[in-house]
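Asks: Give me coordinates for this.
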Amino acid sequence: MRNTSNQQPVVAVQQVTKIFKDFWLRDRARAVDGVSFEVHSGEVFGLLGPNGSGKSTTIKMILGLLRPTTGRIALLGKEPSEVEIKKRIGYLPEESYLYGFLNARETLEYYAKLFEIDYRTREKRINELLDMVGLAGAQFRPVREYSKGMQRRIGLAQALINDPDFLILDEPTTGLDPVGTRQVKDLIIELGRRGKTVLLSSHLLADVEDCVDRMVILYGGQIRAEGTCDTLLTKQDRTTLELDPLDDATIAEIDAVVRRRTAGERAILKVAKPRQSLEALFLDIVAKARQENASTSGAQNGGTTASFLKGPEGNELIEQLVAAKGGAVEPAAVAPVAPAKPDENLIGNLLLGKSKDAPAAAVAPVQRNTPATPPPSEQVDSSLINSLLNKPSSGSGENKS
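Replies: Here you go, the predicted structure:
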């Protein structure tokens, strides 16, 4: 837990209420009701709650997209609506709103230009972010061809392109497989260690538990609990002992000693063998598959965290996200896929197979610097091509038959 008692909070929410009204200005829904909390510099803060608890409304008010009905919000010491504040914020919404006809690199270039980042810095950041989220090998594919998990990865990259001081992540692991989920959680932890301030909103409790320093739990627009994971999750009325395997007779003797020492008020309640989590098993299986160089057309294992993502003190390059010393698994090398180009030889072969009386005006000339490719040895069935070529092109002035 970081010592933040003497720091000005990055986010200060004070007695904020948001009431949505209908057409007649009657109260329709009280989405947020008297919420107060602070997020400090370098802290990973969790905003938890079920659907409809007020998480998204609170985030929109912090971003300045909505104004609170009552109360006050300060973001980096200023009003959230101030334009200069926007440059210091990164935001990953619950849904990845991306342009499907752009590829991953073009998407990041677009957002970088919105922040007026110069060319050299822009190219460096894009390369590092694509490697970090595991999309360097798929950077030239249109985003519309990406799976939901791959779209979340590129969405996370665009949220980091401006090197924000304050990062808001709304359901960042939605659609990710367990490997991608683990990578994103490790990234969030590392960003916090390097001085970034992160607000993580999710209803996936395991994700939040692994990442946050503090959290609030909302229900019905109100804060129902607030504190650190240890404070909120530790069971004070239970004690856990972890031992080497014991036989039944030894366990019975220990139970008898416990009962005797506590006058029968205490006893061993449960004896069980520990087991690994499903996430740990899944990650182990995937790691072994990668060691065998099993091929995949999806996103690759994430690389190092982008070097420009560092705290205000100027930290050095962040270590690899998932690779641990002695157990690292390097992803299979995937060459970047260049944009597909038309095969001029094939086009030439098809055009040479048309009949001599086909109107030349209907065929767009093909520019070539080399002699025409000789016709193929086998006869090409050109009936379909002839029927298309015999149609007069639009605007040619020819009469339709």
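
Asks: Which positions in the strand of greatest length in the chain come out as buried?
Replies: For the chain, the strand reaching the highest residue count under DSSP state E is reported as strand 27-39. Across strand 27-39, burial judged by 16 or more other CB atoms under 10 Å covers 30, 31, 32, 33, 35, 37, 38, 39. To be clear about C-beta, it is placed using only N, CA and C from the backbone, and glycine gets the same treatment.

Asks: Give the helix, strand or coil label for residue 237.
Replies: Following DSSP: H, G, I helix; E, B strand; the rest coil, we place residue 237 in the coil state.

Asks: Count the neighbours of it for me.
Replies: 4 (other CB atoms under 10 Å).

Asks: Also residue 93?
Replies: 16.

Asks: wait, doesn't residue 207 sit right on residue 185?
Replies: Yes - taking contacts as CB atoms under 8 Å, residue 207 lies within contact range of residue 185: 6.1 Å.

Asks: Buried residues, the helix or strand harbouring residue 186. List them.
Replies: Following DSSP states H and E, one finds residue 186 within helix 178-193. Under the neighbour-count criterion of 16+ other CB under 10 Å, helix 178-193 has 178-192 buried.

Asks: any idea which element residue 91 lies in?
Replies: Going by DSSP H and E, residue 91 is in strand 89-92.

Asks: What is that strand packed up against?
Replies: helix 148-160, strand 166-170 (3 or more CB pairs under 8 Å, 6 or more residues apart in numbering; DSSP states H and E).

Asks: Which of the residues in it are classified as buried?
Replies: For strand 89-92, a neighbour-count test (16+ other CB under 10 Å) marks 89, 90, 91, 92 as buried.

Asks: re earlier: which one of the buried residues of helix 178-193 is nearest residue 8?
Replies: Closest approach to residue 8 among the buried residues of helix 178-193 (CB to CB): residue 192, at 17.6 Å.

Asks: if we can go back for a sec, which of the buried residues of strand 27-39 sits closest to residue 220?
Replies: So of the buried residues of strand 27-39, ranked by how close each gets to residue 220 (CB to CB), first place is residue 33, at 7.1 Å.

Asks: got a list of what the closest one touches?
Replies: Remark: with contacts taken as CB atoms under 8 Å, 6 or more residues apart in numbering, residue 33 is in contact with 17, 54, 220, 221, 222.

Asks: can we see that at 7 Å?
Replies: 17, 221, 222 (CB atoms under 7 Å, 6 or more residues apart in numbering).

Asks: Over to residue 158?
Replies: 107, 108, 111.

Asks: average pLDDT across the strand holding residue 91?
Replies: Throughout strand 89-92, pLDDT has a mean value of 94.

Asks: Quick check: next helix or strand after it?
Replies: Next in sequence after strand 89-92, counting helices and strands by DSSP H and E, comes helix 104-114.

Asks: Report all helices and strands that the helix or strand just after that next one contacts.
Replies: Sequence order places helix 119-132 as the next helix or strand after helix 104-114, per DSSP H and E. On a contact count with 3 or more CB pairs under 7 Å, 6 or more residues apart in numbering; DSSP states H and E, helix 119-132 meets helix 104-114, helix 148-160.

Asks: what's the angle between the last one and helix 104-114?
Replies: When you say that, I think you mean helix 148-160. For helix 148-160 against helix 104-114, the angle by axes from the mean of the first three to the mean of the last three CA atoms, to 10 degrees is 30 degrees.

Asks: Helix, strand, or coil at residue 309?
Replies: Residue 309 - assigned by three-state DSSP - is coil.

Asks: Contacts only, for it.
Replies: By CB under 7 Å, 6+ apart, the contact set of residue 309 is 160, 163, 191, 194, 318.

Asks: Could you do residue 267 as well?
Replies: 255, 258, 259.

Asks: could you dump these to TSV with distance to residue 64?
Replies: Output for the contacts of residue 267, formatted as TSV (distance: CB to CB, whole Å):
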residue	distance to residue 64
255	60
258	58
259	62
